[in-house]
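Q: can't give you the sequence, but here's the structure:
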């Protein structure tokens, strides 16, 4: 399993339509050895950055993607931050809403963030993704 495969899984979770779709993906990816989770977010972009990173960390810990220590938390926080940095030029000063997809297989951890960015009904879309390598949790 490569980082590209794990990135694809994270992105699939981020763009999943609803909880039922997430559960189907989770089962399918689990059979391939990939652990995944997703979490929604929304709000004013710059104000929400810290909350988005925190939500990614909590989701990763709850689903067993990372251990509750500085190594696991730091990997998720760093990848989530890098994914957000990719979107910052487009989202600064605007409202965002979307989903964070996280995937882990072995030493590969990927975070994908799918956004709707805009004001009122004038929305743009954006995707950011990042990878971290960390010791296997097993």
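A: Looks like it came in fine. Because the structure is predicted, anything quoted here is derived from the model rather than measured.
Q: Give me the residues contacting the longest helix along the chain.
A: In terms of residue count, the longest helix belonging to the chain (DSSP state H) is helix 70-91. Counting contacts by CB atoms under 8 Å, 6 or more residues apart in numbering, the residues outside helix 70-91 that touch it are 45, 49, 52-53, 56-57, 60-61, 65-66, 100, 102, 109-113, 115, 117, 124, 126-132, 134-135, 137. All C-beta spots, glycine's among them, are computed from the backbone N, C-alpha and C.
Q: Out of those, which end up buried?
A: Listed as buried from the contacts of helix 70-91 are 45, 49, 52-53, 56-57, 60-61, 65-66, 100, 102, 109-113, 115, 117, 126-132, 134; burial here means 16 or more other CB atoms under 10 Å.
Q: Just the ones in strands from those residues, please.
A: Using DSSP state E, 100, 102, 109-113, 115, 117, 126-132 are the members of the buried ones among the contacts of helix 70-91 that sit in strands.
Q: What residues does the nearest residue to residue 63 once chain neighbours are set aside make contact with?
A: Nearest non-adjacent residue to residue 63, counting by CB to CB, 6 or more residues apart in numbering: residue 37, 4.0 Å away. Shown here is residue 37, whose contacts under the criterion CB under 8 Å, 6+ apart are 13, 26, 59-60, 62-63, 65, 101-102.
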